[in-house]
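Trainee: whatever this is, show me its structure:
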Amino acid sequence: MNATADKTAAELERQVSARLAALPDVDSSMIEPHAEGTKVILEGSVDTVFSARKAVLSAETVDGVHDVESHLTLTGNKNGASTSH
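Mentor: Take a look at the predicted model:
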């Protein structure tokens, strides 16, 4: 067995959160990763589709992550807060 097979969901979530926090122009405080085996689900909200893509691509680079599913919603706001119309 390799080291990545031994990672727990909590470890993957922590590593993905750290990777997201390192993104310079993405507010990661509104993104919550959930790991199911080697799949990570990103939930929360981001301001633009570009921020969502960056978050997914960043999560995919974490060792042990084999699939990323985005459940991110777009707010259109720079601060990431959702708005009601």
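Trainee: now Ala59: how far from Leu20?
Mentor: Going from Ala59 to Leu20 by C-beta to C-beta, to the nearest Å gives 7 Å. C-beta here means a position set from N, CA and C on the backbone, and glycine is covered the same way.
Trainee: need the residues touching each of these two.
Mentor: Pro33 (C-beta atoms under 8 Å, 6 or more residues apart in numbering).
Trainee: which one's more surrounded, these two?
Mentor: Using other C-beta atoms under 10 Å as the criterion, Ala59 and Leu20 rank with Ala59 on top: 25 against 22.
Trainee: my read: the more buried one touches Ile41, true?
Mentor: No. Using C-beta atoms under 8 Å, Ala59 makes no contact with Ile41, being 9.5 Å away.
Trainee: let's verify the residue most central in space within the chain: helix, strand, or coil?
Mentor: Closest to where the C-alpha atoms of the chain average out (C-alpha atoms, centre = their mean) is Leu42, at 4.5 Å. Taking DSSP: H, G, I helix; E, B strand; the rest coil as the rule, one finds Leu42 in the strand state.
Trainee: circling back to that earlier point, overlap in contacts, Ala59 and Ile41.
Mentor: Listed as contacting both Ala59 and Ile41 by C-beta under 8 Å, 6+ apart are 33, 68.
Trainee: now do the strands in the protein.
Mentor: Using DSSP state E, the strands assigned to the chain run over residues 31-36, 39-46, 67-74.
Trainee: export those strands to TSV and append columns for distance to Arg53.
Mentor: Converted to TSV, the strands of the chain look like this (distance: least, C-beta to C-beta, whole Å):
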stretch	distance to Arg53
strand 31-36	13
strand 39-46	9
strand 67-74	9
